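Novice: one predicted model, sequence on top.
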Number of protein chains: 2
Amino acid sequence: MNATDTIAAIRADARFAAAAATLAAEHERIVQDVITLTEIPAPPFGEERRAAAYLGMLRDHGLEEVEQDEIGNVMGLRRGFGNGGILVVAAHLDTVFPAGTDVRVRREGSRLYAPGISDDTWSLAVNLGFIRALDAAGIRTRDDILFVGDVGEEGLGDLRGVRHLFARSRHRERIRAFLTVDSPEVDRIVAGGVGSRRYRVTFRGPGGHSYAAFGLVNPMYAMAEAARALAAVEVPNSPPTTHCVSIVSGGTSINAIPNAVTMEVDLRSASAAELDRLDARFLAIVDEAVAAENAARSINAGVITAEVQRVGDRPAGETPAGAPIRAFAAAAVAAEGYTPRFEFSSTDANVPMSLGIPALKVGAGGRGGRAHSLEEWLDVAPEESLRGMRTTLAAILALAGMEGIG
Amino acid sequence: MNATDTIAAIRADARFAAAAATLAAEHERIVQDVITLTEIPAPPFGEERRAAAYLGMLRDHGLEEVEQDEIGNVMGLRRGFGNGGILVVAAHLDTVFPAGTDVRVRREGSRLYAPGISDDTWSLAVNLGFIRALDAAGIRTRDDILFVGDVGEEGLGDLRGVRHLFARSRHRERIRAFLTVDSPEVDRIVAGGVGSRRYRVTFRGPGGHSYAAFGLVNPMYAMAEAARALAAVEVPNSPPTTHCVSIVSGGTSINAIPNAVTMEVDLRSASAAELDRLDARFLAIVDEAVAAENAARSINAGVITAEVQRVGDRPAGETPAGAPIRAFAAAAVAAEGYTPRFEFSSTDANVPMSLGIPALKVGAGGRGGRAHSLEEWLDVAPEESLRGMRTTLAAILALAGMEGIG
């Protein structure tokens, strides 16, 4: 049975209809949950309060082995009838908004406005809805489903929650597939994880008076050489690979050779191999630029050195075109009349993709916008949002192996 | 009569001995004056209160045409018996210290501690001592001596006081020579004025997301190219000529192509022609770097531009080795047993030097240190400080033409 047939069989099953009916009946409860969770601040590296609340909710939903791990992720298992393979269904707890942001939700008709509400708090609430729908319909799956609220997806969080899940959790060996439910739209499926390496490079030297010490090495010139050399590095369009010198600072006075200058650099690629190649080239460029400056001017008062600090590291990866997980997700999207599109992005799914574990980012249903801005919004109009929820629920059931199907 | 003989004749004259005796008798009055003046703050562009006080002192010393000019300099004329040639004897009113600095003077034995006390408040007080000594000794000079307390010597003041004196004052056509009394030490005579041009260059571009907008022009790369090209410009050792990229800043986020980056640049030379050449080359380098970046990457979202702001301009100049003013000053220094040294620096004397008017920076006597720091000090031990005052007074008399000598 191909993916389209599997999805069709799931959707034709009376139990799926019962689950969908539960989602519809409980729509307002899901909305209340997203309001509750959104109004608990979860800034980067400050997810504790929201994690504690979500932990309680997972426990109230009758999951097994409900726990918080060392890094801060909260999770619980919906046991399958098979041999213990696991499908992870995750959503991230953190938002991009700093502590002190007004996170109160304003509701206007079907629209809810609040920072973080669609990215990704909505998915936390919808995942709870899925559990209740499955339970109400008596649906069993072959695989265990591990529902996770994870930390550290945004910015400098550097995917530390999901990274920890795959590096340390006792479940990790059994994980067969991974879905992160992130943002409302279901038609845009992320199957390629753009990896990034971010650096802060500080070039240091002896400094000195611009006139009296003229001729000494200047860390600005080493930085300029490194920036120019990076700018000239050729990278492929496909897989998309990019580099950027983004922030620079340094120097103390207009009449002084600076003691130190700093640049921040962002390297990205959808290909782990290309990212590694670019990364190695960049590090070599820094060394070459330092050596060139030390050769170009006097080092009598001291040499130029570079301190290279890696401030970000997101692995690249791709769930390849032939992977069954892609086929199931696309079939589920198409079955609700959407046109599935596969995209590259940087999400929690980067981590399993980089490990070769089938993984996608899927949607929670509904529509949203202005993510990462204070005007972030979520539209929960029932027809559209339930259509999206059914899409992702069908994909989950196909991946976890719905009892009696296939 | 050569310079050594002239200085010897002045020093052997009973009137000079009387003037020196007055300086010695009034030593403590000069010290009280420097304390009074130092404790009146004179931050850059905030010299008004000190100028008003010094204006009153010049008036009290019986000078003629005592006035404050439009730019803020205060001055008065000690009339000569000749045809109206003028020797300027200046000291600068301003200090490098910002408003709010504690400028109270602490006295420990012969040492006075306070910001600005030796650079250059001491010279203001000593110049008043010279007037009293000349008057007490009944010394007349051929040339008028214009005593000036000028504004804007430090930093971004950009020599605006002395610049104005030579550009606008009604005395300007009659000025034959210029001495700025600046800092205590008399053996280090500044005869070469290092000129400078200072720039703040802001490179602007469309900016964009480091990943999504990859390939657009990046103002950082234009700046890097300009910095590298400037670093490679060859300049002569003699006349000393230098360049420095000193301060850089720009960018907003590690994942964004910056909209704007800025660098500050300091160009200097003891030669006006070399400074002009370097200046022109630098401005061309900026244009070339902008053009290169616009050619290297996409300008679909906008081009790179450079805003070049000149934030400093001090003219270069030199009072040449054969100039009589140098011979008189050196002979006066040597006559007190010091070893005269001629140096390059950037002082009020740059302005007349750049105009071809004989000019030097000389000392006020005594010793000082830590200028431009909060620990600035001045040692007024009488023997040493009077020795220095006699040195500069003899040079003034040689330059202004002491009645009956030569």
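Specialist: In hand now; what should we look at?

Novice: in the stretch 251-400 of chain A, which spans are helices?
Specialist: Secondary structure of the stretch 251-400 of chain A by DSSP state H, counting those that start in this stretch: the helices cover A:272-296, A:324-335, A:350-354, A:382-400.

Novice: buried ones in the last one?
Specialist: In other words, helix A:382-400. By 16 or more other C-beta atoms under 10 Å in any protein chain shown, the buried positions in helix A:382-400 come out as A:382, A:384-400. Any C-beta I mention is one placed from the backbone N, CA and C, and that applies to glycine too.

Novice: now it, how far from the chain's geometric center?
Specialist: Using C-alpha atoms, centre = their mean, to the nearest Å, the mean C-alpha position of helix A:382-400 is found 20 Å from that of the whole chain.

Novice: hey, C-alpha coordinates of it in CSV?
Specialist: Coordinates of each C-alpha in helix A:382-400 appear next as CSV, following Å, rounded to 0.1, in the frame of the first residue of the first chain:
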residue,chain,number,x,y,z
PRO,A,382,-12.5,26.3,13.2
GLU,A,383,-13.0,25.1,9.6
GLU,A,384,-9.4,26.0,8.5
SER,A,385,-7.7,25.0,11.7
LEU,A,386,-9.5,21.7,12.0
ARG,A,387,-8.6,20.9,8.5
GLY,A,388,-5.0,21.4,9.3
MET,A,389,-5.2,19.4,12.5
ARG,A,390,-6.7,16.5,10.6
THR,A,391,-3.8,16.7,8.1
THR,A,392,-1.1,16.3,10.7
LEU,A,393,-3.1,13.7,12.8
ALA,A,394,-3.3,11.5,9.7
ALA,A,395,0.4,11.9,9.0
ILE,A,396,1.1,10.9,12.6
LEU,A,397,-1.1,7.8,12.4
ALA,A,398,0.5,6.8,9.1
LEU,A,399,4.0,7.1,10.6
ALA,A,400,3.2,5.5,14.0
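
Novice: show me what contacts the residue in the stretch 251-400 of chain A that chain B sits nearest to?
Specialist: With C-beta to the nearest C-beta, the shortest gap between the stretch 251-400 of chain A and chain B falls at A:Gly251, namely 3.4 Å. Taking C-beta atoms under 8 Å, 6 or more residues apart in numbering or on different chains as the contact definition, A:Gly251 lies against A:220, A:258, A:261, B:246-248, B:264.

Novice: show me the two of those that sit farthest apart.
Specialist: A:Val261 and B:Glu264 (12.0 Å; C-beta to C-beta).

Novice: could you work out the end-to-end span of stretch A:264-277 for me?
Specialist: End-to-end distance for stretch A:264-277, by C-alpha to C-alpha, to the nearest Å: 19 Å.

Novice: in it, which residues are buried?
Specialist: A:264-272, A:274-275, A:277.

Novice: mean confidence (pLDDT) on it, please.
Specialist: Stretch A:264-277 comes out with an average pLDDT of 94.

Novice: which residues sit against it?
Specialist: So stretch A:264-277 is contacted by A:192-201, A:230, A:235-236, A:239-248, A:278-279, A:282, A:311-312, A:315-318, A:344, A:346, A:354, B:210-211, B:251, B:254-255 (C-beta under 8 Å, 6+ apart).

Novice: now do it: distance to the chain's middle.
Specialist: Relative to the chain's own centre, stretch A:264-277 is displaced by 16 Å; criterion: C-alpha atoms, centre = their mean.

Novice: related to what we said a few turns ago, make CSV out of the helices of the stretch 251-400 of chain A and add distance to A:Val66.
Specialist: CSV is the format used below for the helices of the stretch 251-400 of chain A (distance: least, C-beta to C-beta, whole Å):
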stretch, distance to A:Val66
helix A:272-296, 34
helix A:324-335, 26
helix A:350-354, 22
helix A:382-400, 19
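
Novice: which one of the buried residues of stretch A:264-277 is nearest B:Val74?
Specialist: B:Val74 lies nearest to A:Glu264 out of these, by C-beta to C-beta, at 50.5 Å.

Novice: so what pairs up with that closest one in the strands?
Specialist: A:Glu264 has the following beta-bridge partners by DSSP bridges: A:Arg200, A:Ile247.

Novice: now do the phi/psi pair for A:Met57.
Specialist: In terms of degrees, to the nearest 10, the main-chain angles of A:Met57 are phi -70, psi -40.

Novice: so how far is A:Asp379 from the nearest residue to it once chain neighbours are set aside?
Specialist: The shortest distance from A:Met57 to any non-neighbouring residue, by C-beta to C-beta, 6 or more residues apart in numbering or on different chains, is to A:Leu128 (5.9 Å). Taken as C-beta to C-beta, to the nearest Å, the spacing of A:Leu128 relative to A:Asp379 amounts to 19 Å.
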